[in-house]
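K.L.:
make a model of this:
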Amino acid sequence: MDEGYPVISKENAAKIRKLRHGNLSERYRNYLLNGDERGKFGMLPKKWQRYIDAPFEISERCCDIMKKKPFRQYVKEKGRVPFIGITQDESFHRAHQYEKTGCNVYTGSMVKSQPLGPWTKQDIFRFVYEHLGKQIPVKGGTSYPFEICSVYKEVKRNLQGYYQLMGEQRTGCMYCCFGVNQEEEPNRFQRMMLTHPKCYAFCMKAVEKGGLGLKDVLRYMEIPYETWESVGQMCLNFDEDRIA
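P.N.:
Prediction:
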């Protein structure tokens with residue numbers, strides 16, 4: 001929270017942080033706010049520009065501080081080469097980066113392997129669908145049962161041939177607000193309220209009381225963070241066969 005809350009997306013949070021605190025030239029500031037003669041590809045969308053004056057700090061740096069920095073330190077101390085399970089279709093940036101490096105990266109500050117780089121999310125879901133519960137043979141004549149984290153539940157194939165997770169779609173930091181503005185209800189925080197009430201209470205509690213203060217952030221974003229049941233609203237279950 002010293003750096004700021006991760007809201008909207010990494011790209012837009014970075015632009016908001018720069019516009020708030022960066023020592024920007026007038027040309028670059030105008031580019032972030034309005035685009036330039038090349039178009040509006042790199043600008044902060046107008047609908048997010050009110051966040052420049054939000055009553056809380058905003059930043060994309062949480063991933064660098066909590067994940068990338070400790071990761072680099074571990075690699076440096078242990079001398080090990082990392083295998084990273086990212087796919088190129090996760091973002092435009094990763095697709096562009098993978099196009100330049102391929103699976104195994106030997107340049108830059110870190111040697112690393114990205115064996116899932118050629119795969120798409122649908123490739124992974126299909127593999128899970130076809131192998132879940134089966135024994136996977138490994139070197140030495142042994143095998144292990146193929147499983148996935150229980151919060152994902154299972155993978156099903158719809159009528160259009162697409163594979164879908166029936167539970168949580170991602171298992172990153174559960175307190176992250178990136179992308180929550182695109183979720184339908186019940187969103188990640190409404191689900192957390194039911195499945196992990198202690199974690200929910202911690203992230204909603206005010207900062208001065210030892211929490212993360214996300215309640216005020218979500219209110220500003222106009223994101224619902226409670227369920228109908230929790231605020232005493234009636235929940236009706238209709239029998240579709242009896243509806244005329």
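K.L.:
show me what contacts S59?
P.N.:
E3, G4, Y5, P6, A13, A14, R17 (CB atoms under 8 Å, 6 or more residues apart in numbering). All C-beta spots, glycine's among them, are computed from the backbone N, C-alpha and C.
K.L.:
quick one: the closest residue to it other than its chain neighbours from R17, how far?
P.N.:
Take S59 and drop its neighbours on the chain: the residue closest to it by CB to CB, 6 or more residues apart in numbering is G4, 3.2 Å away. Separation of G4 from R17 (CB to CB, to the nearest Å): 6 Å.
K.L.:
between these two, what contacts are shared?
P.N.:
I58, S59, R61.
K.L.:
most centrally placed residue in the chain?
P.N.:
F178 (5.6 Å; CA atoms, centre = their mean).
K.L.:
what about the nearest residue to it once chain neighbours are set aside, distance to L132?
P.N.:
Counting by CB to CB, 6+ apart, F178 lies nearest to P6, which is 5.2 Å off, once chain neighbours are set aside. Per CB to CB, P6 is found 32 Å from L132.
K.L.:
these two - which one has more neighbours?
P.N.:
P6 (22 against 14; other CB atoms under 10 Å).
K.L.:
F41 is in contact with G35, isn't it?
P.N.:
Yes: under the criterion of CB atoms under 8 Å, F41 makes contact with G35 at 7.3 Å.
K.L.:
more neighbours: those two, which one.
P.N.:
Shown here are F41 and G35; by other CB under 10 Å, G35 has more neighbours (14 against 7).
K.L.:
can you pull the contacts of that one?
P.N.:
Contacts of G35 by CB under 8 Å, 6+ apart are F41, G42, M43.
K.L.:
may I ask which helix or strand of this protein has the lowest mean pLDDT?
P.N.:
Least confident helix or strand, the chain: helix 92-101 with a mean of 78, by mean pLDDT, DSSP states H and E.
K.L.:
the helices in the chain, which residues?
P.N.:
Under the criterion DSSP state H, the chain contains helices at 10-21, 26-34, 62-63, 69-78, 92-101, 121-131, 188-195, 197-204, 214-221.
K.L.:
can you add distance to V151 and mean neighbour count and give those helices back as a markdown table?
P.N.:
Shown next, in a markdown table, are the helices of the chain (distance: least, CB to CB, whole Å; neighbours: other CB atoms under 10 Å):
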| stretch | distance to V151 | mean neighbour count |
| --- | --- | --- |
| helix 10-21 | 23 | 18 |
| helix 26-34 | 37 | 13 |
| helix 62-63 | 21 | 18 |
| helix 69-78 | 23 | 12 |
| helix 92-101 | 23 | 12 |
| helix 121-131 | 14 | 15 |
| helix 188-195 | 8 | 18 |
| helix 197-204 | 13 | 15 |
| helix 214-221 | 20 | 18 |
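K.L.:
quick one: low-confidence parts of this protein?
P.N.:
In the predicted model, the chain carries pLDDT under 70 at residues 1, 108, 229-244.
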